[in-house]
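# starting from these lines, generate the structure:
(2 chains)
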2 protein chains.
Amino acid sequence: MERLTTFEELRAYAGAAPRPLGLVPTMGAVHAGHMSLVERSSRECAATVATLFVNPAQFDDKGDFARYPRDAEGDLAALAAAGADAVFTPPEREVYPAGFATWVRMGGPALPLEGAARPGHFDGVATIVAKLLIGALPDAAYFGQKDGQQVAVVRRLVADLGLSVRVVAAPTVREADGLALSSRNGLLNAEQRRGAAALHRALQAGAAALGEGAGAAEAACRAVLAKEPQVSAVDYVALVDQATMAPWSGQGEAMLAAAVRVGSVRLIDNLLMSAD
Amino acid sequence: MERLTTFEELRAYAGAAPRPLGLVPTMGAVHAGHMSLVERSSRECAATVATLFVNPAQFDDKGDFARYPRDAEGDLAALAAAGADAVFTPPEREVYPAGFATWVRMGGPALPLEGAARPGHFDGVATIVAKLLIGALPDAAYFGQKDGQQVAVVRRLVADLGLSVRVVAAPTVREADGLALSSRNGLLNAEQRRGAAALHRALQAGAAALGEGAGAAEAACRAVLAKEPQVSAVDYVALVDQATMAPWSGQGEAMLAAAVRVGSVRLIDNLLMSAD
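Down below sits the predicted model:
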């Protein structure tokens, strides 16, 4: 696996790589969810570049950034095992050099839910994703559906800037009890870990109630969360349009999304669904 | 000259064009300044695409947008005569489709001078320039030095997003009396047109006084402007660093820039200089 640390190296690698080229952006703390993205890119593309950069710009909470798990050697081994041909691990000063002054600012799908809860988060996401896509000019870029709003924001970004890349959203990888894999799960103690499974159960209950309407779906989801003592707060439960993240109108593909706190750990998850 | 109206057509044209490819963004109202950019691109590149789009996003003043001179047929003939191989003339809905939600927001060199006088102007410039550069992926892009702050903003944008394009700033083309060519000059009456030449004379007086310091240069420039009755207001006179647009420190390349009003018409101009 080739190791790239500057955008110049990324451009040179991507320019010479066999096509199609797949890009898998990560912030490290690599788990089976990330590995499924790399594996899929490896199947679908002739070359795969994974990126590993804990992007300070997308953390609204400095404590969250400081606590974010980091294990560069373990991450590199996992990305290589999953089939990455190269990994781009830029230092912070390569991404945000002195005098950096250009930010991608997203409206639309970036505004509600995570955008409301984490001011500036999606501007940070959009800026780094734009830089990675412009740097590598890949044919496909892979994101986990677990961050469903991020998928919608990246699709909007790609359409609006006219980037020639296919955005692939891969299914969320889950533990046996349904908990979505997340770099933050490791911050849970044993009790919290058991309770965290309520998030997926709640979303399933919401999906089962969708036939009775959006309000019923959200209420069913909230009812399950309310019964779980390890869930200390519910940031939001919302049934939204998959593309716009606006409240679902009853038409088109929907996403039931929720954000909760289990102890001090904030977890998000979602399920895709349609009215049929 | 080939006519392109969608980003898909632009991408296809640019992908098949001989390289190097030059891009010359314009808002139409084509004059000899624009033509000098196209001519230079034609000399330096194997193919040249001019773009013609009056970008509503960069007008902070709707009246200014409405009054902005438009002559598509004349513009196309002029761009062809100057040597453009293709012209990209997208309708507004192609550039900003329904649901468009992605804006490039610039700090740094975009903040003072024109950025302070015209809120949002450079975000509009950066967004359209990013879209054009991503769409065509040219090897070189040509801008007039008359909009000197725009040159600094575009250079910052290109560096920060990691676009692989050489930004070329071409010398300002002037009338015999020194007035910089501008699409807005046609809005001046005969008296105003004569008085407008004071702007260039003032900048020259400032440059001549630079040896006595930044304050002296700005004062000398203002003194000439104060003597011209057709100059109804001075928005700013500032000696700044060519790259950062911050007040000139006495080190590096400087730019003496001014914005004035002649009647209701706002004119800008600048001179590049160094301390040597």
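
# nearest residue to A:P56 other than its sequence neighbours?
The shortest distance from A:P56 to any non-neighbouring residue, by C-beta to C-beta, 6 or more residues apart in numbering or on different chains, is to A:F65 (5.7 Å). Placement of C-beta: from N, CA and C, glycine included.

# could you list every residue that touches the one you found?
Contacts for A:F65 (C-beta atoms under 8 Å, 6 or more residues apart in numbering or on different chains) come out as A:V54, A:P56, A:F59.

# how about it, secondary structure?
On the three-state scheme (DSSP: H, G, I helix; E, B strand; the rest coil), A:F65 is labelled helix.

# near chain B, which residues of chain A show up?
When proximity is defined by C-beta under 8 Å from any C-beta of the partner chain, chain A lies next to chain B at A:7, A:11, A:97, A:99-110, A:123, A:126, A:130-131, A:134-135, A:137, A:156-157, A:159-164, A:244.

# switch to 6 Å and redo it
Applying C-beta under 6 Å from any C-beta of the partner chain, we find that chain A lies next to chain B at A:7, A:100-103, A:105-108, A:131, A:134-135, A:156-157, A:160-162.

# just the buried ones from those?
With burial judged by 16 or more other C-beta atoms under 10 Å in any protein chain shown, the buried subset of these is A:7, A:100-103, A:105-106, A:108, A:131, A:134-135, A:156-157, A:160-162.

# biggest separation within those residues, which pair?
Distance extremes for those: the farthest pair is A:F7 and A:G108 at 27.6 Å, using C-beta to C-beta.

# among the buried ones among the residues of chain A next to chain B, which ones are in helices?
Among those, DSSP state H puts A:F7, A:K131, A:I134, A:G135, A:R156, A:L157, A:D160, A:L161 in helices.

# contacting residues for the residue lying closest to the second one once chain neighbours are set aside?
Across the structure, with C-beta to C-beta, 6+ apart as the measure, the residue nearest A:K131 apart from its sequence neighbours is B:G162 (5.7 Å). Taking C-beta atoms under 6 Å, 6 or more residues apart in numbering or on different chains as the definition of contact, the neighbours of B:G162 are A:F7, A:K131, A:I134, A:G135.

# got the contact list for the last one?
Applying C-beta under 6 Å, 6+ apart, we find A:G135 in contact with A:F7, A:L10, A:R11, B:G162.

# how about the second one, phi and psi?
Dihedral angles phi and psi of A:L10 (degrees, to the nearest 10) take the values phi -60, psi -50.

# A:F88 is in contact with that one, correct?
Yes - in terms of C-beta atoms under 6 Å, A:L10 counts as a neighbour of A:F88; the distance is 5.1 Å.

# give me the common contacts of the two.
Residues touching both A:L10 and A:F88 (C-beta under 6 Å, 6+ apart): A:L4.

# contacting residues for the residue in the stretch 151-276 of chain A that chain B sits nearest to?
Using C-beta to the nearest C-beta, the single residue of the stretch 151-276 of chain A nearest to chain B is A:D160, 3.6 Å away. Listed by C-beta under 6 Å, 6+ apart, the contact set of A:D160 reads B:F100, B:T102.

# before we move on, what about A:R156?
By C-beta under 6 Å, 6+ apart, the neighbours of A:R156 are A:G108, A:P109, B:A101.

# how about A:V129?
Neighbouring residues of A:V129 by C-beta under 6 Å, 6+ apart: A:V154.

# again, but for A:A209
By C-beta under 6 Å, 6+ apart, the contact set of A:A209 is A:A216, A:A217, A:A220.

# in chain A, what helix or strand scores lowest on average pLDDT?
Every helix and strand in chain A was compared by mean pLDDT, DSSP states H and E; the lowest is helix A:62-67, with a mean of 89.

# now the element after that helix, going C-ward?
Sequence-wise, the next helix or strand downstream of helix A:62-67 (DSSP states H and E) is helix A:72-82.

# got the contact list for the next helix or strand after that next one?
Using DSSP H and E, the helix or strand that follows helix A:72-82 in sequence is strand A:86-88. The contact list for strand A:86-88, computed with C-beta under 6 Å, 6+ apart, reads A:M1, A:E2, A:R3, A:L4, A:L10, A:Y13, A:V49, A:A50, A:T51, A:L52, A:L79.

# average model confidence for the helix or strand hosting A:A259?
Using DSSP H and E, the element containing A:A259 is strand A:254-262. The average pLDDT within strand A:254-262 is 98.

# can you name the element that comes right after it?
strand A:265-273.

# what's in contact with that next one?
By C-beta under 6 Å, 6+ apart, strand A:265-273 touches A:148, A:180, A:184, A:187-188, A:199, A:203, A:207, A:210, A:254-257, A:259-260.

# how many other residues sit next to A:T89?
17 (other C-beta atoms under 10 Å in any protein chain shown).

# returning to that earlier point: from the contacts of strand A:86-88, pick the one nearest chain B.
A:L10 (8.4 Å).

# neighbours of that closest one, just the number please.
25.

# repeat that for the one 10 residues further on.
Applying the criterion other C-beta under 10 Å, we find 15 residues in the vicinity of A:P20.

# kindly report the same for A:L111.
A:L111: 17 surrounding residues under other C-beta under 10 Å.

# got the phi and psi for A:G178?
The phi/psi pair for A:G178 (degrees, to the nearest 10) reads phi 100, psi -20.

# which residues sit in contact with it?
Applying C-beta under 6 Å, 6+ apart to A:G178 gives the contacts A:A197, A:H200.

# and the pLDDT for it?
98.

# likewise A:D276?
A:D276 is given a pLDDT of 60.

# mind listing the helices for the stretch 151-276 of chain A?
Secondary structure of the stretch 151-276 of chain A by DSSP state H, counting those that start in this stretch: the helices cover A:190-196, A:198-208, A:214-227.

# just those: most buried one?
Most buried of these, by mean neighbour count (mean count of other C-beta atoms under 10 Å in any protein chain shown): helix A:198-208, with a mean of 21.

# contacts for it, please.
A:178, A:217, A:220-221, A:224-225, A:228, A:231, A:256, A:260, A:267, A:269, A:271, A:273.
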